[in-house]
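J.: build me a structure from this.
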Amino acid sequence: MPALNSHADSLHILDTTGTTETGSPKAIGTPAGISHSNPVGINGVGVGRLRASGTNGDVLQWQAPGSLTFGSKVNLTSGAELVLEDGEDPDKYIRAQPYTGFTYPDGDESRVFIEDQYNDVGGGDVTAAQATAGNQITFTLELKNVSNIIASHIRFWLDASVANYEISDDGAVWVTPTTEATGIAFSDLLPNASHTLHFRRTIPALSASDPAVLVIFFVSGDVL
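T.: Got it, this is the predicted structure:
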């Protein structure tokens with residue numbers, strides 16, 4: 001029964017304040033009396049399934065989009081928020097929490113639609129002046145090890161579909177790796193330590209308006 005801040009939930013992406021999580025896709029749909037949050041991006045977009053069973057409908061299982069297998073049953077009778085892992089790939093997870101008294105006694109099952117989150121990282125549309133003249137925008141996010149175990153073999157890279165973005169380890173040297181093997185390698189992160197992720201967005205001159213900006217990036221690591 002994975003607790004929060006353990007297993008694949010050990011590395012969190014935080015906004016520039018270092019306090020609020022960001023970068024997760026949207027998840028829509030849930031069984032009665034169940035809330036969920038922060039589906040990890042590796043789930044992919046598509047339709048997952050969240051199954052509630054047990055006497056009070058508070059024993060949950062997660063099946064990620066594209067998976068054929070529900071994960072292990074997780075008993076949420078304590079009312080605490082816990083991690084639900086997919087049955088084929090435990091790195092694909094979602095967090096869930098029941099609302100006591102609002103779940104179905106005989107259980108329930110619901111489709112969960114996972115969609116890309118636009119304008120979530122690095123801002124959205126550009127101004128008319130930026131589009132005309134071109135511009136570069138830099139911003140940072142924080143990668144934090146929220147577990148009580150050292151995180152090692154950390155890599156950071158972009159999805160191949162992302163255009164006009166570069167990433168950096170130090171804000172000085174900018175690269176565009178699109179595979180884990182070529183990604184930026186970070187040193188180990190001690191428990192509760194963080195590392196800054198640098199992003200640079202180039203807006204070419206005479207760009208068209210783009211009200212829905214999508215930035216897909218990946219972070220991998222071992223927390224054993």
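J.: ok, Asn192 touching Asn145?
T.: Yes: between Asn192 and Asn145 there is a contact under CB atoms under 8 Å: 6.7 Å. Every C-beta, even on glycine, is put in place using the N, C-alpha and C of the backbone.
J.: looking at the two, which is more packed in?
T.: Asn145 (24 against 11; other CB atoms under 10 Å).
J.: relative to Leu11, how far out is the more buried one?
T.: 6 Å (CB to CB, to the nearest Å).
J.: following element in sequence after the helix or strand of the chain with the lowest mean pLDDT, please.
T.: Using mean pLDDT, DSSP states H and E, the weakest-scoring helix or strand in the chain turns out to be helix 128-133, at a mean of 74. With elements assigned by DSSP states H and E, the helix or strand that comes after helix 128-133 is strand 135-145.
J.: show me what contacts His12?
T.: Asn5, Glu21, Leu143, Lys144, Val146 (CB atoms under 8 Å, 6 or more residues apart in numbering).
J.: most neighbours out of the residues you listed, which is it?
T.: Busiest of the contacts of His12 [other CB under 10 Å] is Lys144, holding 22 neighbours.
J.: wait, it touches Ser194, no?
T.: Yes: between Lys144 and Ser194 there is a contact at 4.1 Å, judged by CB under 8 Å.
J.: joint contacts of these two?
T.: In contact with both Lys144 and Ser194: Leu14, Gly18, using CB under 8 Å, 6+ apart.
J.: hmm, back to that, what is the nearest of the contacts of His12 to Thr103?
T.: Nearest to Thr103 among those, counting by CB to CB, is Asn5 at 24.5 Å.
J.: what do Asn145 and Leu11 both touch?
T.: With CB under 8 Å, 6+ apart, Asn145 and Leu11 have common neighbours Ala151, Leu189, Val223.
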